[in-house]
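Novice: 3D, please:
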Amino acid sequence: MSRQRGFSLIELLIVVAIILIISAIAIPSLLRSRIAANESSAVGSVRTITTAEATYAASWGTGYAANLGNLGGTPAACLAGVTAASACIVDPILTTGAKNGYGLVALGNSPSAGVNGGFEVNATPFVVGVTGQRAFCADESGVIRYNTTGVAIGTGHGTCSAVATLLLGN
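Specialist: Prediction:
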């Protein structure tokens, strides 16, 4: 009689169980890492848009941009020449209003004689707990704030300044 070589069913089940245990430990960490990366990207986008708003206001003399689209522009429009409606200050990815699991909105506010005296920018996760946990905002003060619920903060004048939680190190 020849004896067959190989693994027994019990040995294979033990290996599968070990792999499942390791997966159960590793997957939540990977998801938390992805959320943290998306939040970092959202904060960077809010900073970029805030800086672009200041540049827009200084360059065009018409106050802050009316919307996010005015800060960017298509590559073809930027090659043709910049205008107040297509300033080409931020890249086209930001002007789409979506980046790394976050929705981005920037609107000018406090109009006076056709000049926007302020702006609000928001970054809100598409799916709270999956693409991000916190919502971020900034206004003409340049201070980035956030809420821990992930609910959209709003773009009306003074909405962001009413959020109590400041992002440290901005």
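Novice: Skipping its backbone neighbours, what lies nearest V143 in space?
Specialist: Setting aside the residues directly before and after it, V143 is nearest to L166 in space (Cβ to Cβ, 6 or more residues apart in numbering), at 6.3 Å. Just so you know, the C-beta spots here come from the backbone N, C-alpha and C atoms, and that holds for glycine as well.
Novice: do G118 as well
Specialist: S110 is the one closest to G118 (Cβ to Cβ, 6+ apart), at 4.3 Å.
Novice: correct me, but that neighbour touches D139?
Specialist: No - using Cβ atoms under 8 Å, S110 is not in contact with D139; the gap is 10.1 Å.
Novice: quick one, which of those two is more surrounded?
Specialist: Taking other Cβ atoms under 10 Å, S110 and D139 do not tie; D139 has more neighbours (23 against 16).
Novice: Quickly list what the more buried one is bridged to.
Specialist: E120 (DSSP bridges).
Novice: OK, contacts around it?
Specialist: Applying Cβ atoms under 8 Å, 6 or more residues apart in numbering, we find D139 in contact with G118, F119, E120, V121, G158, C160, S161.
Novice: And N116, by the same measure?
Specialist: T62, G63, Y64, A65, A66, G108, N109, S110.
Novice: try 7 Å this time
Specialist: Going by Cβ atoms under 7 Å, 6 or more residues apart in numbering, N116 touches G63, Y64, A66, G108, N109, S110.
Novice: Now for S110 and D139: what residues contact both?
Specialist: G118.
Novice: What is the least confident helix or strand in the chain by mean pLDDT packed up against?
Specialist: When each helix and strand of the chain is scored by mean pLDDT, DSSP states H and E, helix 75-80 comes last, with a mean of 84. For helix 75-80, there is no helix or strand it packs on, judged by 3 or more Cβ pairs under 7 Å, 6 or more residues apart in numbering; DSSP states H and E.
Novice: outside of the helix or strand following that helix, which residues touch it?
Specialist: Once the chain leaves helix 75-80, the next helix or strand it forms, by DSSP states H and E, is helix 92-95. Contact with helix 92-95 is made by S45, T48, I49, L68, G69, L71, G72, T74, P75, K99, L104, as judged by Cβ under 7 Å, 6+ apart.
Novice: Please convert the buried members of the residues you listed into ChimeraX selection syntax.
Specialist: Burial among the contacts of helix 92-95 is assessed by 16 or more other Cβ atoms under 10 Å; the matching ChimeraX selection reads:
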select :45,48,49,68,69,71,72,99,104
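Novice: Lovely, talk soon.
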